[in-house]
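[1] quick one, structure for this:
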Amino acid sequence: MNNPSSRPEVKNKVSNLSDYDTILIGFPVWWDLAPTIINTFIEENNMENKKIYVFATSGGSSVNNSFNTLKTTYRNLNFVSAKILTRNVSENDVTSWII
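    Below you'll find the predicted structure:
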């Protein structure tokens with residue numbers, strides 16, 4: 001995380017991302033940002049013309065800076081919204097968020 005240009009390798013590649021119209025990307029918030037492996041995943045996969053929802057877990061940070069940084073970095077992609085997930089979030093909360 002000290003090197004923003006770092007692109008750690010993604011071990012398991014997604015071979016059928018083209019089959020989906022909606023993508024959910026989840027991660028723990030690190031220093032108010034998405035981990036750099038999220039950048040690797042985005043850069044290795046064609047997500048143009050897809051709706052992208054971001055969710056994150058955190059002990060105290062919000063997902064807003066992570067989400068805004070991804071939207072700014074990847075302006076050609078359709079980042080719809082973001083949500084922080086905690087133990088208090090129900091399945092219904094998540095379903096209503098992405099539908």
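
[2] strands paired with the host helix or strand of residue 83, and their directions?
    Assigned by DSSP states H and E, residue 83 falls within strand 78-84. Strand 78-84 pairs in its sheet with strand 51-57 (parallel), by DSSP bridges.

[3] how far off centre is the strand it pairs with?
    Distance, stretch centre to chain centre, for strand 51-57: 4 Å (C-alpha atoms, centre = their mean, to the nearest Å).

[4] contact partners of it?
    21-29, 34, 63, 66-67, 70, 77-86, 94, 97-98 (C-beta atoms under 8 Å, 6 or more residues apart in numbering). C-beta here means a position set from N, CA and C on the backbone, and glycine is covered the same way.

[5] swap in stretch 77-87?
    Identification of contacts with stretch 77-87 by C-beta under 8 Å, 6+ apart yields 26, 29, 42, 47-58, 62-64, 66-67, 70-71, 89, 94, 97.

[6] can you select the buried ones among the contacts of strand 51-57 for me in PyMOL?
    Here is the PyMOL command that picks out the buried ones among these, judged by 16 or more other C-beta atoms under 10 Å:
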select buried, resi 23+25+27+29+34+63+66+67+70+77+79+82+83+84
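
[7] brilliant, that's me finished.
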